[in-house]
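Q: With the input below, show me the fold.
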Amino acid sequence: MAASLRAWSSVVRVKTRHCERAESALAQARAVLASAQEMAQTADAQRAAAASTLDDTRAAWASAIHDNPVFLPEDWLRHDIRLREQADRLAQATQQCARAQARVVCAQTGVSTAQQDVHRAQASRDACVEARDALLRDAALAAEMALDDESGEVAAARIYRQRRRAQRSSRA
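A: All right, here's what the predicted structure looks like:
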């Protein structure tokens, strides 16, 4: 009984350490998720800024065309180059935003996996604790029954001695 109790206690300690490691992994996954969300917000802000700059440039060009319909070819080329650069920046910012969102999704998957690991580890530990506690209850019950049996035997021996004394004293 004592060997199995020691074994279950060792198993509970191992399961507790496993739970602690799983909770640590969950905390790390949550930190990665927070970092990914922060990066996604930054990328989204950069994309919005690039889109705003492109819209402002287009509006300025439309206003310039409206005010002065005659342009030199260099002005058209300069404006075309500026628009392409800004459109390229917007495309890069959109790609970075998409990658950041993909990292967020990946980090969320990591967090949910870590949460499932924590739940499994806790359930396993709780089952082992219940088994150990049941063994402890059985051991305590067996000890109590042994004490009851022993005290019953002691009481029976006292009664027997008293009767023997009473028989001896009645003979004398």
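
Q: any idea how far Leu90 is from Leu54?
A: 5 Å (CB to CB, to the nearest Å). C-betas here are computed from N, CA, C, even on glycine.

Q: Next: His119.
A: Computed as CB to CB, the His119 to Leu90 distance reads 43 Å.

Q: The two - which one has more neighbours?
A: Leu90 (20 against 12; other CB atoms under 10 Å).

Q: ok, that one - contacts?
A: 47, 50-51, 54 (CB atoms under 8 Å, 6 or more residues apart in numbering).

Q: Determine which two of the residues you listed are furthest apart.
A: Maximum pairwise distance in these, criterion CB to CB, is 10.6 Å, between Arg47 and Leu54.

Q: Neighbour count: those two, which is higher?
A: Between Arg47 and Leu54, counted using other CB under 10 Å, the more crowded position is Arg47 (21 against 18).

Q: Okay, the residue lying closest to that one once chain neighbours are set aside and Leu54: tell me how far apart.
A: Counting by CB to CB, 6 or more residues apart in numbering, Ala93 is the residue found nearest to Arg47 once chain neighbours are left out, at 3.9 Å. With the distance defined as CB to CB, Ala93 ends up 10 Å from Leu54.

Q: cool, and Ala64?
A: Separation of Ala64 from Leu54 (CB to CB): 16 Å.

Q: can you check Ala48 too?
A: Counting by CB to CB, the gap from Ala48 to Leu54 is 11 Å.

Q: go on, Ala107?
A: Distance from Ala107 to Leu54, by CB to CB: 30 Å.

Q: Over to Asp148?
A: Separation of Asp148 from Leu54 (CB to CB): 89 Å.

Q: Same question for Ala60.
A: In terms of CB to CB, Ala60 sits 11 Å off from Leu54.
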